[in-house]
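Student: Sequence and predicted model, in that order:
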Protein chains: 2
Amino acid sequence: MRPPTLNLDEYLPYLVNRVGVALALRFGKDALARYGLSIEMWRVLVVLSNNGGQRQVDLGGLTSIDASTLSRMVTRLSRLGLVGRRRSATDNREVEVALTAKGRAALRRLVPTARRFEAVAAAGISRAELADLKRALRLMYRNLALPQG
Amino acid sequence: MRPPTLNLDEYLPYLVNRVGVALALRFGKDALARYGLSIEMWRVLVVLSNNGGQRQVDLGGLTSIDASTLSRMVTRLSRLGLVGRRRSATDNREVEVALTAKGRAALRRLVPTARRFEAVAAAGISRAELADLKRALRLMYRNLALPQG
DNA sequence: TTACAATAGTTGCACGTGCATTAAACTCGG
DNA sequence: CCGAGTTTAATGCACGTGCAACTATTGTAA
């Protein structure tokens, strides 16, 4: 009556999650902690840098962060001086969030570090393999995000 | 003075983490929630199923879960009747954790579901590509886990 | 214009987590 | 045999998170 065993070292979800957690942990502790930032905060900053100022709802959609969590996170980021909040001129419900000069400066310092972490993680993987890997990961995400399982 | 942009759709750590989170979310909400389990709890059960009864310290090492968190988690799992706790006969500090019959039964039901989720995630990826993908992920983990960065 | 619905954001609350501390049991050198 | 140091587990505490409820503003249909 033993349960069917599941070899974790061959189980794809585990392998993916494990690397994801390790990645977040390393980058979070070695680089972001000095700035008082979490990975989620870092992701918000990157999205703001790439896509420009955003309403909080849209920011939540782009980062998959809950609206209430994001509200408090933006408060913290604002307190750190990295982002600014201002109510929309056209719709008084909306809050527009944008990077400050200090936020952009923080990104200028962090992005190269992030790239180094990527290089460390990908050491020993060829360019071609890396391209395949990324393609597979994007496919997997689409497989999971779609409303059918 | 714009910060150097980081294209998230080509940034490996983001791609990996995103899939890892999606995987955990889907499996957690669609399957584990019915049993009152979290992914971390599920992982503990799988490790117990594969490696047999373990001391809490070793369980923490195998699952990368903090000792204090694990202590409380085992309390919850024990309350659910899925694992049993008993003090070691040889060392009175140690607590041995092992699956109960109910725990093994839960695994028998969950493992096939987990395999289905893996199949959904990996849809459209060939056997050869899948093998490469797993190999790359194991390598990445070693790159990150090793004490040099 | 006036109700009713939808949307954006914030806050109350319960919960799980990690860190630091504590308690108990064991190890080992003197 | 004794005492310092180590190991294992449990607990106090602060914090971030998600869900649900709530407020404020805007959209819409009669």
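Tutor: Sure thing, it's come through.
Student: Show me which residues of chain A are close to DNA strand C?
Tutor: A:55-57, A:67-68, A:71-72, A:74-75, A:85, A:91, A:93-96 (C-beta under 7 Å from any atom of the strand). For every residue, glycine as well, the C-beta is placed using N, CA and C.
Student: Could you find the closest non-adjacent residue to residue A:100?
Tutor: Leaving out its chain neighbours, the residue that sits closest to residue A:100 by C-beta to C-beta, 6 or more residues apart in numbering or on different chains is residue A:84, at 5.2 Å.
Student: What is the burial count for residue A:74?
Tutor: 21 (other C-beta atoms under 10 Å in any protein chain shown).
Student: Please report the distance of it from residue A:50.
Tutor: Residue A:74 sits 17 Å away from residue A:50 when distances are taken as C-beta to C-beta, to the nearest Å.
Student: for residue A:133, same thing?
Tutor: From residue A:133 to residue A:50 the distance is 22 Å (C-beta to C-beta).
Student: the more surrounded of the two?
Tutor: Between residue A:133 and residue A:50, counted using other C-beta under 10 Å, the more crowded position is residue A:133 (22 against 14).
Student: The closest residue to that one other than its chain neighbours: what's it in contact with?
Tutor: Using C-beta to C-beta, 6+ apart and skipping residues adjacent in sequence, the residue nearest residue A:133 is residue B:136, 5.2 Å away. By C-beta atoms under 8 Å, 6 or more residues apart in numbering or on different chains, the contact set of residue B:136 is A:125, A:129, A:133.
Student: State the distance from residue B:136 to DNA strand C.
Tutor: 25 Å (C-beta to the nearest atom of the strand, to the nearest Å).
Student: which SSE is that residue in?
Tutor: helix B:127-145 (DSSP states H and E).
Student: Show me which residues of that helix are buried.
Tutor: B:129, B:132-134, B:136-137, B:139-141, B:143-144 (16 or more other C-beta atoms under 10 Å in any protein chain shown).
Student: Could you do stretch A:61-77 as well?
Tutor: Neighbour-count burial for stretch A:61-77 [16+ other C-beta under 10 Å]: A:62-63, A:65, A:70, A:73-74, A:77.
Student: for stretch A:88-101, same thing?
Tutor: A:95-97, A:99.
Student: what about it and DNA strand D, any contact?
Tutor: Yes. Stretch A:88-101 lies within reach of DNA strand D by C-beta under 7 Å from any atom of the strand, at A:91-93.
Student: State the phi and psi torsions of residue A:11.
Tutor: Here is the backbone geometry of residue A:11 (degrees, to the nearest 10): phi -90, psi 110.
Student: tell me the contacts of the nearest residue to it once chain neighbours are set aside?
Tutor: Computed as C-beta to C-beta, 6+ apart, the closest residue to residue A:11 that is not its neighbour in sequence is residue B:118, at 6.6 Å. By C-beta under 8 Å, 6+ apart, the residues touching residue B:118 are A:11-13.
Student: and the helix or strand harbouring residue B:118, what's its mean pLDDT?
Tutor: If you go by DSSP H and E, residue B:118 is part of helix B:101-121. Averaging pLDDT along helix B:101-121 gives 96.
Student: now stretch A:55-73: how far from the chain's centre is it?
Tutor: Remark: stretch A:55-73 is offset 12 Å from the chain centroid, using C-alpha atoms, centre = their mean, to the nearest Å.
Student: In contact with the spatially most central residue of chain A, which residues?
Tutor: Computing the C-alpha centroid of chain A and ranking residues by C-alpha atoms, centre = their mean puts residue A:43 first, at 3.6 Å. By C-beta under 8 Å, 6+ apart, the contact set of residue A:43 is A:63, A:65, B:14.
Student: by how many degrees do the helix or strand hosting it and helix A:101-121 diverge?
Tutor: Under the criterion of DSSP H and E, residue A:43 resides in helix A:39-51. With axes from the mean of the first three to the mean of the last three C-alpha atoms, to 10 degrees applied, the angle from helix A:39-51 to helix A:101-121 works out at 110 degrees.
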